[in-house]
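>>> Got a sequence here, can you build the structure:
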Amino acid sequence: MAKQPGIVVGIDLGSRFIKVAEVRAGRPPVVTNIGIAPTPEGAVDSTGVVDKAAVAATLKKLLAETGVGTKQAAFALAGQNSVVVRILEVPRMNAVELKQHMDWEIGRNIPFADTRVQSAYEVVRRPGANPSADNMEVVLAVAQQDAVDGLVDIADKLGLEPYAIDVEPLALARSLLLTQPDLQNQNVAVVNLGAEATSIDIYSQGYLSFPRILPTGGNMLTRAIAERLMISEADAEQLKAQLAEVLIDQIPQATSPFGVPGMPTGGFYTPGLGSEPTIAPEPSPFMTPGSFTAPEPDIPPSPFATPSEPEPADAPTAEPEPALPVQSPTDPRKTEVFLAIYPLLEELVSEIRRSIEYFRSRNPDADVQMIVLTG
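Predicted coordinates for the structure are as follows:
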């Protein structure tokens with residue numbers, strides 16, 4: 001086994017941004033340099049790196065600007081059309097039998113037109129699992145050969161040594177969960193929002209239990225804003241960065257085409273431990289604070305009240321206190337931006353909910369205790 005380097009630079013080549021983080025080994029590891037740069041337009045897509053020269057040039061500049069000195073690089077591999085990660089339940093067998101079985105599983109799980117792939121698998125050994133159970137879990141990763149070769153070619157162009165190429169769900173677990181001891185013994189859903197896709201990965205005690213990819217990303221939100229406001233996607237991207245946020249008081253006004261049977265309009269809720277979302281009676285729970293308070297009745301002035309004495313006309317006028325800034329009403333553009341992206345956000349929340357419910361159905365005694373958002 002190769003000796004683990006003391007310092008590694010992690011590289012994530014996304015379709016929207018290129019990210020790097022130089023990490024020094026330790027307990028805990030220490031981030032020594034970090035940086036981000038826009039990906040050249042069209043240079044990376046769901047199949048991997050399309051324009052190697054453009055990506056290499058941007059990455060070279062980013063590494064220099066952030067002061068990264070190590071040549072040992074760990075790449076994250078992602079993309080709907082370049083990598084597949086599966087959790088398989090197979091009969092318990094020895095290593096030789098498992099190798100033969102996984103060769104068959106790999107052929108069965110390749111969704112790519114090009115069958116030239118790189119693959120790896122590992123038996124999942126969860127803490128407390130019964131070692132004599134009839135079945136066992138295996139995590140399988142399959143990547144297109146071209147996607148892997150693209151990362152290696154970029155490393156060669158920059159004089160980097162590809163210490164590791166890791167699939168994104170497992171890389172996320174290592175960076176987010178294994179560095180947080182309080183999360184390692186919990187069931188955690190990591191929602192990673194990208195430009196073209198969103199991954200929902202559920203981990204149990206630090207081990208991947210449920211990987212899923214949705215074809216919904218930040219670019220879809222940008223296009224929705226552009227269509228509603230009839231502006232360019234460049235302007236819509238700028239508005240999204242400046243104004244996009246969830247406006248709770250606007251949710252009842254939004255009409256979603258993604259209605260989920262049995263689910264009230266407005267899918268934003270906080271899942272309890274093993275609980276279902278509560279459907280509140282009318283009026284809507286999303287109304288502004290104080291909307292349920294009955295108006296105060298008109299009360300005539302008491303006949304016993306002492307009438308106030310008018311101040312003398314020549315009384316000196318007190319210096320007024322400085323007025324507090326008045327909070328301006330919501331920017332109309334902010335409302336329009338939210339109403340544009342609301343149907344997509346509602347669908348995303350519904351898909352997260354479905355994923356958690358599926359995990360519960362497979363693990364009746366477990367529940368997701370935390371959701372971590374990244375991307």
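>>> Please name the nearest non-neighbouring residue to Val337.
Closest residue to Val337 apart from its sequence neighbours, by C-beta to C-beta, 6 or more residues apart in numbering: Leu243 at 4.8 Å. The way it works is simple: take the backbone N, C-alpha and C, and place the C-beta from them, glycine included.
>>> Contact partners for the one you found?
331, 333-334, 337 (C-beta atoms under 8 Å, 6 or more residues apart in numbering).
>>> Show the residue spans covered by the helices in the stretch 151-300 of the chain.
Using DSSP state H, counting those that start in this stretch, the helices of the stretch 151-300 of the chain run over 168-172, 218-229, 233-243.
>>> circling back: Serialize the contacts of Leu243 to CSV and add fields for pLDDT.
Listed next are these as CSV, based on pLDDT from 0 to 100:
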residue, pLDDT
Asp331, 80
Arg333, 89
Lys334, 92
Val337, 94
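>>> May I see those arranged in JSON lines, with distance to Gln205, secondary structure and neighbour count as well?
Formatted as JSON lines, the contacts of Leu243 follow (distance: C-beta to C-beta, whole Å; DSSP: H, G, I helix; E, B strand; the rest coil; neighbours: other C-beta atoms under 10 Å):
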{"residue": "Asp331", "distance to Gln205": "45", "secondary structure": "coil", "neighbour count": "11"}
{"residue": "Arg333", "distance to Gln205": "45", "secondary structure": "helix", "neighbour count": "13"}
{"residue": "Lys334", "distance to Gln205": "41", "secondary structure": "helix", "neighbour count": "16"}
{"residue": "Val337", "distance to Gln205": "40", "secondary structure": "helix", "neighbour count": "24"}
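>>> Out of the residues you listed, the closest to Asp249 would be?
Of all the contacts of Leu243, Asp249 sits closest to Lys334, with 11.7 Å by C-beta to C-beta.
>>> Quick check: Leu158 touching Ala56?
Yes - if you go by C-beta atoms under 8 Å, Leu158 and Ala56 touch, sitting 6.0 Å apart.
>>> still on that earlier bit, kindly present the helices of the stretch 151-300 of the chain as TSV, with separate columns for mean pLDDT.
Putting the helices of the stretch 151-300 of the chain into TSV (pLDDT from 0 to 100) gives the following:
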stretch	mean pLDDT
helix 168-172	86
helix 218-229	95
helix 233-243	94
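>>> Which one of those lies nearest to Val85?
Between Val85 and those, the tightest spacing by C-beta to C-beta is seen for helix 168-172, at 5.3 Å.
>>> Tell me which other helices or strands the closest one touches.
strand 72-77, strand 83-91, strand 187-193, strand 198-204, strand 207-214 (3 or more C-beta pairs under 8 Å, 6 or more residues apart in numbering; DSSP states H and E).
>>> Looking at those strands, which is nearest to Arg125?
Comparing the helices and strands packed on helix 168-172 against Arg125 with C-beta to C-beta, the closest turns out to be strand 207-214 (8.2 Å).
>>> Just the mean pLDDT for that closest one, thanks.
Average pLDDT, strand 207-214: 90.
>>> Looking at Leu158 and Ala56 now, which is surrounded by more residues?
Comparing Leu158 with Ala56 by other C-beta atoms under 10 Å, the one with more neighbours is Ala56, at 19 against 15.
>>> Does the more buried one lie in a helix or a strand, and which?
helix 52-66 (DSSP states H and E).
>>> who's in contact with that helix?
Helix 52-66 has contacts (C-beta under 8 Å, 6+ apart) with 9, 11, 13, 18, 20, 22, 33-40, 43-44, 49, 150, 153-154, 157-158.
>>> what sits against Thr216?
Contact analysis of Thr216 by C-beta under 8 Å, 6+ apart lists 197-198, 344, 347-348, 351.
>>> contacting residues around Ile165?
Applying C-beta under 8 Å, 6+ apart to Ile165 gives the contacts 74-75, 77, 148, 151-152.
>>> Going through those, which ones are buried?
Buried residues within the contacts of Ile165, defined by neighbour count using 16 or more other C-beta atoms under 10 Å: 74-75, 77, 148, 151.
>>> Same list, the residues you listed, but as JSON lines with distance to Arg86 please.
Below are those laid out as JSON lines (distance: C-beta to C-beta, whole Å):
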{"residue": "Ala74", "distance to Arg86": "22"}
{"residue": "Phe75", "distance to Arg86": "21"}
{"residue": "Leu77", "distance to Arg86": "15"}
{"residue": "Val148", "distance to Arg86": "18"}
{"residue": "Leu151", "distance to Arg86": "21"}
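>>> which of those has the weakest pLDDT?
Lowest pLDDT within the buried ones among the contacts of Ile165 is found at Leu77 (87).
>>> Please tell me I have it right and that one contacts Val85.
No - using C-beta under 8 Å as the test, Leu77 is too far from Val85 to be in contact (10.0 Å).
>>> Which residue is the nearest non-sequential neighbour of Val148?
Using C-beta to C-beta, 6+ apart, the closest residue to Val148 is Gln118 (5.0 Å).
>>> Would you mind pulling up the elements that the strand or helix carrying Glu346 packs against?
Per DSSP H and E, Glu346 falls inside helix 332-362. On a contact count with 3+ C-beta pairs under 8 Å, 6+ apart, helix 332-362 meets strand 187-193, strand 198-204, strand 207-214, helix 218-229, helix 233-243.
>>> and the two most separated of the contacts of Leu243?
Pairwise over the contacts of Leu243, using C-beta to C-beta, the maximum falls at Asp331 and Val337, 8.9 Å.
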